[in-house]
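J.: after the sequence you'll find the predicted model.
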Amino acid sequence: ASCGAVVVVVLAVVVAAGAAAAAVVETRYAVDRACSLRGDVRCGLRSVLGGDAISGALRVHFGESNCTVTLRDCAKGLCYVIVDDTTLRFPTDEIEHELPSSVFSSVTMTNAKFRWTKRGIEFKPKHSGDVELHYSTATCGAFYSYRGRARTQICTDAVPAVFSPTTGTLIKCHT
């Protein structure tokens, strides 16, 4: 009887480990997650997931797909920068990659000239008014593929990633 109980316990542990591994793979490569960023007045951004308590960086999930955010009341010709905080928080490996080593996997903008780098998104509105940001975030697996030295790779939590657009005399656009 005790031998049978041991077999049942071992099988339960194996099944639980398999389910945990499947959950890790599922979150590591998850796509089509709900979009977290929202537009705000004066060409601002906010996140429905909130911001980091220390830095204030807006949180996003890995695997957000086909998101569109309307940044309201942007000023024509003014240079805005959405700083990508993940470059500072998670240093990248020194390997050339096709896309910027950003939390974003794709970025386009409507009604603005823009430039996307690992440091963030620089943009200048073509007209005063609204600008649309179209983005997807990297899967957790793709994000950490640029950061092989990262000791802890957390895929289930939202990551503090970007700051609301800033502008000023110290901002220099390359667009």
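T.: It's in.
J.: only C-alpha atoms from now on, for both contacts and neighbour counts.
T.: Noted.
J.: quick one: the most centrally placed residue in the chain and residue 129, what's the gap?
T.: Residue closest to the average C-alpha location in the chain (Cα atoms, centre = their mean): residue 103, at 3.7 Å. To residue 129, residue 103 is 27 Å away according to Cα to Cα, to the nearest Å.
J.: helix, strand, or coil at residue 39?
T.: Secondary structure assignment for residue 39 (DSSP: H, G, I helix; E, B strand; the rest coil): strand.
J.: what is the burial count for it?
T.: By other Cα atoms under 10 Å, the residues close to residue 39 number 20.
J.: what pairs with it across the strands?
T.: Beta-bridge partners recorded for residue 39 (DSSP bridges): residue 45.
J.: correct me if wrong: it contacts residue 45.
T.: Yes: under the criterion of Cα atoms under 8 Å, residue 39 makes contact with residue 45 at 4.8 Å.
J.: give me the common contacts of the two.
T.: Taking Cα atoms under 8 Å, 6 or more residues apart in numbering as the contact rule, residue 39 and residue 45 both touch residue 71.
J.: quick one: residue 173 and residue 120 touch, right?
T.: No: with contact defined as Cα under 8 Å, residue 173 does not reach residue 120; the gap is 11.4 Å.
J.: these two: who's more crowded?
T.: Shown here are residue 173 and residue 120; by other Cα under 10 Å, residue 120 has more neighbours (24 against 16).
J.: what's the spacing between the more buried one and residue 152?
T.: 23 Å.
J.: check residue 64 too.
T.: Distance from residue 64 to residue 152, counting by Cα to Cα: 21 Å.
J.: which one's more surrounded, the two?
T.: More crowded of residue 64 and residue 152, by other Cα under 10 Å: residue 64, with 22 against 7.
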